[in-house]
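here are the coordinates; sequence isn't available:
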C-alpha cells in the first residue's frame, strides 16, 4: 500500500530531510519524490510505501501534521486509494 504526502511552505534548509527522516523512523519507504521552489515557496509530493509502518497510519499522519506545525509547513498524508478516488473523473 502507498500513501501520497504533500508539503508546502516557505523554503528553508532541511525540509526534505526532516520529512524523509520521519518516514524512515516509522519504516515508510519513499518510492518517488518531486519538489520545486517557486518564489521562495517550497512544494513537494512524495509517494511512500506504508506496508511496513510500525504505527497506525492515522498516528503516522498526525505525526507528519505535527512536524509541519513545528516547521511552519502544511503537511498532508493521504492513503493512495483515497487520493485516487478524490482525483478520478
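Done, it's in. Here the structure is a predicted model, which is why all the values come from computation and not from measurement.

which SS state does residue 13 fall under?
Following DSSP: H, G, I helix; E, B strand; the rest coil, the label given to residue 13 is coil.

Give me the below-cutoff pLDDT ranges for this protein.
Within the chain, the ranges that satisfy pLDDT under 70 run 84-85, 88-89.

in it, which spans are helices?
Taking DSSP state H, the helices of the chain run over residues 15-25, 57-70, 80-86.

Flag every buried residue along the first one.
Burial within helix 15-25, assessed by neighbour count using 16 or more other C-beta atoms under 10 Å, is assigned to 15, 18, 19, 20, 22, 23. In this view, the C-beta of every residue, glycine as well, is placed from N, C-alpha and C.

and the nearest residue to the third one once chain neighbours are set aside, how many residues sit next to it?
For residue 19, the nearest residue in space outside its immediate sequence neighbours is residue 7; the separation is 5.9 Å by C-beta to C-beta, 6 or more residues apart in numbering. Applying other C-beta atoms under 10 Å, we find 24 residues neighbouring residue 7.

residues contacting residue 7?
By C-beta atoms under 8 Å, 6 or more residues apart in numbering, the contact list for residue 7 reads 15, 19, 42, 43, 44, 45, 46, 68, 73, 74, 75.

quick one: the fifth one and residue 33 touch, right?
Yes - using C-beta atoms under 8 Å, residue 44 is in contact with residue 33, at 6.6 Å.

follow-up on the earlier one: could you point out which of the helices of the chain sits nearest residue 3?
Of all the helices of the chain, helix 80-86 sits nearest to residue 3, with 5.9 Å by C-beta to C-beta.

which other residues reach the closest one?
When contacts are defined by C-beta under 8 Å, 6+ apart, helix 80-86 is touched by residues 1, 2, 3, 4, 47, 78.

Of those residues, which count as buried by neighbour count?
The neighbour-count test (16+ other C-beta under 10 Å) marks 2, 3, 4, 47 as buried among the contacts of helix 80-86.

how about the third one, what does it touch?
Going back to what we said before, that points to residue 4. Residue 4 makes contact with 45, 46, 47, 77, 78, 80, 83, according to C-beta under 8 Å, 6+ apart.
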